[in-house]
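Peer 1: What shape does this take:
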Amino acid sequence: MNPTDRKRLIILRHGKAAYPPVPDHERPLANRGNTEAPAAGRWLVEQGVYPDAIITSDAVRTRQTTTWVMNEFGDTAPTPYLDSRLYHASATDALAVINETEEQVRTLLVVGHMPWVQDLGMRLASVDSNEKAVIDMAERYPTLGMMVFEIPGEWASLDGRDADMTHFVVPR
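Peer 2: Residues are numbered from 1 along each chain as shown. Just a heads-up that it's a prediction; the model follows:
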């Protein structure tokens, strides 16, 4: 496959959340989350990575994280799609959402929650992945943890051990 045919998948865990007396779905980012979340967008911009599409859980903390990241992209930021299926998703559920991505999307950013973000990273990482990135992700996946994968085929065929993890970072 031609390297230019490869796609890029970015999976981002939301920023640090607050614990006010509200339902979990309505929990906002904590002050630290609001302060740190833009760093994820800045890291992507520094790497020259601009998503063509963004899918985010519809929970308040993921929506807020997405907004901070998008602010760093400026006018190049696509309108995010809120998907309620990502809120209480399993890795399999989250992958099914990703599998629905239209093929013209070359770079996809997905913003979600533990434990599925880490579980999905473990499922997707191929043997050709950056070993340090995979180990770091497997050992600890803090808020704002972000994985970057190169995808060699179609979104619909992405399943397991078929994506090369190139980075695991926690921009702060």
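
Peer 1: Quick one: the strands in the chain, in order.
Peer 2: Here the chain has its strands, by DSSP state E, at 7-13, 53-57, 81-83, 107-112, 146-151, 164-169.

Peer 1: which one of those is the most hemmed in?
Peer 2: Comparing the strands of the chain by mean neighbour count (mean count of other CB atoms under 10 Å), strand 107-112 ranks first with a mean of 25. In short, each C-beta sits where N, CA and C put it, glycine included.

Peer 1: could you dump that strand to PDB, C-alpha only?
Peer 2: Presented in PDB, the C-alpha positions along strand 107-112 are these (Å, rounded to 0.1, in the frame of the first residue of the first chain):
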ATOM      1  CA  THR A 107      -7.500  12.000   9.800                       C
ATOM      2  CA  LEU A 108     -10.100  11.200  12.500                       C
ATOM      3  CA  LEU A 109     -10.100  12.500  16.100                       C
ATOM      4  CA  VAL A 110     -12.200  10.600  18.600                       C
ATOM      5  CA  VAL A 111     -12.700  12.000  22.100                       C
ATOM      6  CA  GLY A 112     -13.900   9.600  24.800                       C
END
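
Peer 1: Relative to the whole chain's centre, how far out is it?
Peer 2: 4 Å (CA atoms, centre = their mean, to the nearest Å).

Peer 1: other SSEs contacting that strand?
Peer 2: strand 7-13, strand 53-57, helix 60-73, helix 91-99 (3 or more CB pairs under 8 Å, 6 or more residues apart in numbering; DSSP states H and E).

Peer 1: before we move on, the earlier item: nearest to Ser126, of the strands of the chain?
Peer 2: strand 164-169 (5.2 Å; CB to CB).

Peer 1: returning to what we had before: make TSV from the strands of the chain and add mean pLDDT and distance to Ile98 to it.
Peer 2: TSV is the format used below for the strands of the chain (pLDDT from 0 to 100; distance: least, CB to CB, whole Å):
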stretch	mean pLDDT	distance to Ile98
strand 7-13	98	7
strand 53-57	98	8
strand 81-83	98	10
strand 107-112	98	6
strand 146-151	98	9
strand 164-169	98	15
